[in-house]
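>>> Following is a predicted model, sequence given first.
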Amino acid sequence: MLALARGEGQSIIIDGNIEVKVVKWSRSSVRLAIQAPREVTVDRDEVWRKMHPNEATPLEKAEAERKERFAREGLSLGEIAVRASRDGVFHLAGGIAAGGTVEVGALLGTIEDAEGQTAEVRATKRETILRLVAPHGQSVTAGQLLMVMRGEHA
């Protein structure tokens, strides 16, 4: 789940074709405008629950699947999985080691694809490296787990 802070007039874009905009907010409520393609169903939670009694919501199902995936991969809640963005050969950046702390934007490694194009793997926040999963020089596939981090609380 992604939690964001947005102010009046600000929005988020989901999958490039759904916009959720904060129209007005007060201490007790938020008014949202949602623009989505006709084939996308948008329901209020209480309406969805009446239409699907005794069924887990899509969010509840996704959370259960996420917990199962974390368990399969040996991750604990709160740990951050760093994954390969593409197929290629993973090259670990110098100085990156388990137990080390990296700053926002730090280069963790690169992935070089078959055409010689390189994608950088960078830290998204101040993080501690818990485990290195993919060794330097290993071929990886898109989505493969490279390393496990834990975000630092500043």
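Perfect, thanks for sending it. Residues are numbered from 1 along each chain as shown.
>>> Going by C-alpha atoms from here, please, whenever you check contacts or count neighbours.
Will do.
>>> Can you show me the CA trace of the longest helix along the chain as CSV?
Longest helix of the chain, by residue count under DSSP state H: helix 58-72. Written as CSV, here are the backbone C-alpha positions of helix 58-72 (Å, rounded to 0.1, in the frame of the first residue of the first chain):
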residue,chain,number,x,y,z
PRO,A,58,-9.7,-6.3,-3.3
LEU,A,59,-7.5,-4.3,-0.9
GLU,A,60,-7.7,-7.1,1.8
LYS,A,61,-7.0,-9.7,-0.8
ALA,A,62,-4.0,-7.8,-2.1
GLU,A,63,-2.7,-7.4,1.4
ALA,A,64,-3.0,-11.1,2.1
GLU,A,65,-1.2,-11.9,-1.2
ARG,A,66,1.6,-9.4,-0.2
LYS,A,67,2.0,-11.1,3.2
GLU,A,68,2.2,-14.5,1.5
ARG,A,69,4.7,-13.3,-1.0
PHE,A,70,6.9,-11.7,1.7
ALA,A,71,6.8,-15.0,3.6
ARG,A,72,7.8,-17.0,0.5
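>>> next SSE after it?
strand 79-83 (DSSP states H and E).
>>> now the angle from that following strand to helix 58-72?
Put simply, strand 79-83 runs at 80 degrees to helix 58-72, going by axes from the mean of the first three to the mean of the last three CA atoms, to 10 degrees.
>>> Who are the packing partners of the next helix or strand after strand 79-83?
Counting by DSSP H and E, the next helix or strand C-terminal to strand 79-83 is strand 88-92. Here strand 88-92 touches strand 107-112, strand 138-140, going by 3 or more CA pairs under 8 Å, 6 or more residues apart in numbering; DSSP states H and E.
>>> Of all the ones you listed, which one comes closest to residue 87?
In terms of CA to CA, the element of the helices and strands packed on strand 88-92 nearest to residue 87 is strand 138-140, at 5.6 Å.
>>> Give me the contacts around the helix or strand following the closest one.
Downstream of strand 138-140, the first helix or strand assigned by DSSP H and E is strand 145-151. Strand 145-151 has contacts (CA atoms under 8 Å, 6 or more residues apart in numbering) with 75, 78-84, 125-134.
>>> quick one: strands adjacent to strand 145-151?
Paired neighbours of strand 145-151 in the sheet (DSSP bridges): strand 79-83 (antiparallel), strand 127-132 (antiparallel).
>>> returning to what we had before: what's the mean pLDDT across the longest helix of the chain?
The average of the pLDDT scores along helix 58-72 is 82.
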